[in-house]
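A.B. asks: Provided below are the primary sequence and the corresponding predicted coordinates.
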Amino acid sequence: MKQGDMESTDEAFEALLRYMRDSRGFDFTGYKRTSLMRRVRHRMDHAGYDTFEQYLDVLQASSDEFSALFNTILINVTAFFRDPDAWEYIRTDVIPQMLAERGPDDPIRVWSAGCASGQEAYTLAILLTEALAPMPSASG
């Protein structure tokens, strides 16, 4: 692919991402571009479209295709502590700050969006339980 073709493809891909963000509220800017582009192309190939411009036209007209694309893009994998670096950050930074800022009688509310079969929600519950558990005494 020539440089001009690559730039045109990148611009068309970015336009597609902007459309998904603006029309459906899904912002994929945090995703790795190569992985995201590969997943979108996979869906385009399956649906029979060659260019991002063509595919954007289809997405604008078909909510079913939008759903199919999201099912292709979004990771359908779940596991306890699946992303160790993220969970360590939550354990060491997020939870301590959250607990420090709450009043003694304030409830703790957390949300695990799109947690499939619950491993992420249970992982969060494990971390909160550990953070709230009384520390064992040194005398044993």
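C.D. replies: Received it, and whenever you're ready, just let me know what you need. Residues are numbered from 1 along each chain as shown.
A.B. asks: List the buried residues of the worst-scoring helix or strand of the chain on mean pLDDT.
C.D. replies: Sorting the helices and strands of the chain by mean pLDDT, DSSP states H and E puts helix 3-24 at the bottom, at a mean of 83. For helix 3-24, the buried set under the neighbour-count rule, 16 or more other CB atoms under 10 Å, comprises 12, 13, 16, 17, 20. Where C-beta positions appear, they are placed from N, C-alpha and C, glycine not excepted.
A.B. asks: Using CSV, lay out those residues together with distance to residue 39.
C.D. replies: Listed next are these as CSV, based on distance: CB to CB, whole Å:
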residue, distance to residue 39
12, 16
13, 12
16, 12
17, 12
20, 12
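A.B. asks: just checking, what packs against the helix or strand that the least confident helix or strand of the chain is followed by?
C.D. replies: Downstream of helix 3-24, the first helix or strand assigned by DSSP states H and E is helix 33-47. On a contact count with 3 or more CB pairs under 8 Å, 6 or more residues apart in numbering; DSSP states H and E, helix 33-47 meets helix 3-24, helix 52-61, helix 63-73.
A.B. asks: Relative to residue 120, how far out is residue 57?
C.D. replies: Distance of residue 57 to residue 120, given as CB to CB, to the nearest Å: 35 Å.
A.B. asks: returning to that earlier point: include distance to residue 81 when you put the helices and strands packed on helix 33-47 into TSV, please.
C.D. replies: Shown next, in TSV, are those (distance: least, CB to CB, whole Å):
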stretch	distance to residue 81
helix 3-24	29
helix 52-61	35
helix 63-73	23
